[in-house]
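Trainee: just the structure for this:
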Amino acid sequence: MNTTFRPARLSLAFLAAASLLPTFTVAAEKYEQPGTLKASALLPADTLKGPNHQVQEEVQSDGFLDIYAIDTSSGVLKAVSTAQAKQYAAEVEAAARMAQLQGDEQFAAGLQSTAGTVVTGTTALLNDPAGALSGAVTGVGAMFGRAQEALASSGTKGAGEDSAMADLSGFSKTKREYAYEFGVDVYSRNPVLQKQLDAVAEAAFAGNIAAKAAMMMVPGGAGIALSVTSGAATLNEAFRDLPPAELRKRNREKLAAMGVNADIAELYIENAVFTPREQTLIVEALDRMPETENRGAYIRHAVLTDNADLAYFRPRQAGMYLGYHRSVEPLARFVSVGKVAVGQKKDGTIVFCAPLDHLYWTPGIGAFVELFEADLKSVPDVKGKEIWLGGTLSEMARKELEARGWTVKESSEATLLAAG
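Mentor: Numbers count the residues shown, from 1 in each chain. Purely as a prediction, here's the structure:
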């Protein structure tokens, strides 16, 4: 089952409006348009294709992140970023291993009652893949693109959480235990995984079948061991054992200990765009930088997260800052520069970490950089500027950044996350 991406286009009116801004506008001929990429050149073989999935060869970029389409027996999955494509591909294979439990009599009855269901909110993605994948602009790309617009003009329930009744009944605990044993994120936005995980957890809950015992019925072992930083791997047991309410309590306490303003902390905790895992990983990364001042600046900007793509981006970014702090040079503080929080070293050097796949010099990033440079003038004692990209960048983007005094580091995400 294939679907074709429709390339994103900037409207003529939008470009015309931008052209009226003499202070910040970059000449149109100096922009570049993101191209269509090949999945086979970007992904390892086991991610590209498995027994139960196939990544489509055509990959669209919005200038910041690569957008993948993954064929599965349930429909087409959209993955925003190479990191998410790897996660989703592994989760689809883990879901297939979960399905093998249907051969056990104890599971069969429970699984029959849930067959054919789809997690709420995923129907459009799985039943209308062409529509769901059209308009290749990610939430992260939109965040950077908002600079162009600027130049031109407690009943908390986080994403991926079960109902309160499911939590009280013990079903959610069973689901978390099965996710842990299969090595997957219980709060993943992957509907293929969630459908199968719900079915298995329901049957196991009804039959009182322990997750460890169930794993002996499944050939092929566990799925993937998710972590955003090396230290975050130790959190897997916490995600298994603690319900979302307890994670929020823990996060509140850690934010208070960091000196984050109580109102800001509460707004962050109440932001239901984040999954409990994403929210916790950010807090944990900052908590592991006790010498760094003004960590609340990162939280202030995280409060503004308004879409799933950005919610997935932010913990990876926080993990990169932690890895830089531990393996490159300590960050003395976080500072706010316009709409983003960046690190600053003791010598005054600004450090901007961004887990992007491939950065092109588009109108959006051009305007973002110009605004950033203008806002940076209000930060005292700036002695230099570094940008650490998760992936790569175009020659034009490198030339434009270096011309503005930036030191550019490519392909740094894996190394920094491993050091976190």
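Trainee: from here on, contacts and neighbour counts on C-alpha atoms
Mentor: Will do.
Trainee: if residue 386 is in a bridge, with which residues?
Mentor: Judged by DSSP bridges, the bridge partners of residue 386 are residue 351, residue 407.
Trainee: so it touches residue 345, yeah?
Mentor: No - in this structure residue 386 lies outside contact range of residue 345 using C-alpha atoms under 8 Å: 10.4 Å.
Trainee: find the least confident helix or strand in the protein, judged by mean pLDDT.
Mentor: Least confident helix or strand, the chain: helix 12-19 with a mean of 37, by mean pLDDT, DSSP states H and E.
Trainee: burial measure for residue 254, as a count.
Mentor: The number of residues packed near residue 254 is 17, by other C-alpha atoms under 10 Å.
Trainee: can you pull out the strands in the protein?
Mentor: Using DSSP state E, the strands of the chain run over 36-38, 49-50, 53-55, 58-61, 66-72, 75-80, 331-337, 340-345, 349-354, 358-359, 384-389, 392-393, 406-409.
Trainee: nearest to residue 302, of the ones you listed?
Mentor: Closest to residue 302 of the strands of the chain is strand 340-345 (C-alpha to C-alpha; 8.9 Å).
Trainee: quick one: distance of that closest one to the chain centre.
Mentor: Relative to its chain's centre, strand 340-345 lies at 20 Å (C-alpha atoms, centre = their mean, to the nearest Å).
Trainee: who does that strand pair up with?
Mentor: Going by DSSP bridges, the partners of strand 340-345 are strand 331-337 (antiparallel), strand 349-354 (antiparallel).
Trainee: from the chain's centre, how far out does the shortest one sit?
Mentor: Translated: strand 349-354. The mean C-alpha position of strand 349-354 is separated from the chain mean by 19 Å, C-alpha atoms, centre = their mean.
Trainee: what sits closest to residue 64 if chain neighbours are left out?
Mentor: Spatial nearest neighbour of residue 64, excluding adjacent residues (C-alpha to C-alpha, 6 or more residues apart in numbering): residue 359 at 5.0 Å.
Trainee: hang on, the one you found packs against residue 35?
Mentor: No - using C-alpha under 8 Å, residue 359 is not in contact with residue 35; the gap is 11.2 Å.
Trainee: who's more crowded, these two?
Mentor: residue 359 (24 against 13).
Trainee: residue contacts, the more buried one?
Mentor: When the contact criterion is C-alpha atoms under 8 Å, 6 or more residues apart in numbering, the partners of residue 359 are 63, 64, 65, 392, 393, 394, 397.
Trainee: the fifth one: how many residues sit nearby?
Mentor: The reference is to residue 393. Counted with other C-alpha under 10 Å, the neighbours of residue 393 add up to 21.
Trainee: so for it, what's the nearest residue that isn't a sequence neighbour?
Mentor: For residue 393, ignoring the flanking residues on the chain, the nearest one in space by C-alpha to C-alpha, 6+ apart is residue 359 at 4.3 Å.
Trainee: between the strands of the chain, which one is closest to residue 191.
Mentor: Among those, the nearest to residue 191 by C-alpha to C-alpha is strand 75-80 (8.3 Å).
Trainee: that closest one: partners in the sheet, and parallel or antiparallel?
Mentor: Note on strand 75-80: by DSSP bridges, its sheet partners are strand 66-72 (antiparallel).
Trainee: list the contacts of the strand it pairs with.
Mentor: By C-alpha under 8 Å, 6+ apart, strand 66-72 touches 1-3, 39, 52-56, 58-61, 76-82, 85, 89, 92, 133, 136, 357-358.
Trainee: mind redoing it with 6 Å?
Mentor: 53-56, 59-61, 76-81 (C-alpha atoms under 6 Å, 6 or more residues apart in numbering).
Trainee: reformat those residues as TSV; add pLDDT, distance to residue 340 and neighbour count.
Mentor: Output for the contacts of strand 66-72, formatted as TSV (pLDDT from 0 to 100; distance: C-alpha to C-alpha, whole Å; neighbours: other C-alpha atoms under 10 Å):
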residue	pLDDT	distance to residue 340	neighbour count
53	96	37	24
54	97	36	19
55	97	33	26
56	97	34	20
59	97	28	20
60	95	26	27
61	95	22	26
76	95	33	27
77	96	30	26
78	96	27	21
79	97	24	22
80	96	21	25
81	96	20	24
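Trainee: from those, pick the one nearest residue 185.
Mentor: residue 79 (15.2 Å).
Trainee: pLDDT weak spots in the stretch 1-150 of the chain?
Mentor: 1-29, 102-150 (pLDDT under 70).
Trainee: please name the nearest non-neighbouring residue to the residue nearest the centre of the chain.
Mentor: What sits nearest the mean C-alpha location of the chain, by C-alpha atoms, centre = their mean, is residue 312, with 1.8 Å. Of all residues not flanking residue 312 in the chain, residue 278 sits nearest, at 6.8 Å (C-alpha to C-alpha, 6+ apart).
Trainee: neighbours of the one you found, how many?
Mentor: When counting by other C-alpha under 10 Å, one arrives at 21 neighbours for residue 278.
Trainee: now swap in residue 202 and tell me
Mentor: Applying other C-alpha under 10 Å, we find 21 residues neighbouring residue 202.
Trainee: do the one 10 residues further on as well
Mentor: Other residues within reach of residue 212, judged by other C-alpha under 10 Å, total 13.
Trainee: and the gap between it and residue 91?
Mentor: Relative to residue 91, residue 212 is positioned 19 Å away (C-alpha to C-alpha, to the nearest Å).
Trainee: residue 42 now?
Mentor: Distance of residue 42 to residue 91, given as C-alpha to C-alpha: 19 Å.
Trainee: which one of these two is surrounded by more residues?
Mentor: Between residue 42 and residue 91, counting by other C-alpha under 10 Å, residue 91 is the more crowded of the two (24 against 15).
Trainee: ok now do the more buried one, which residues does it touch?
Mentor: With C-alpha under 6 Å, 6+ apart as the criterion, the residues that contact residue 91 are residue 193.
Trainee: distance of it from residue 374?
Mentor: In terms of C-alpha to C-alpha, residue 91 sits 43 Å off from residue 374.
Trainee: show me what contacts residue 382?
Mentor: 348, 349.
Trainee: tell me which other helices or strands the lengthiest helix in the chain touches.
Mentor: Ranked by residue count, the top helix of the chain under DSSP state H comes out as helix 308-327. If contacts are counted by 3 or more C-alpha pairs under 6 Å, 6 or more residues apart in numbering; DSSP states H and E, helix 308-327 sits against helix 139-152, helix 276-287, helix 413-419.
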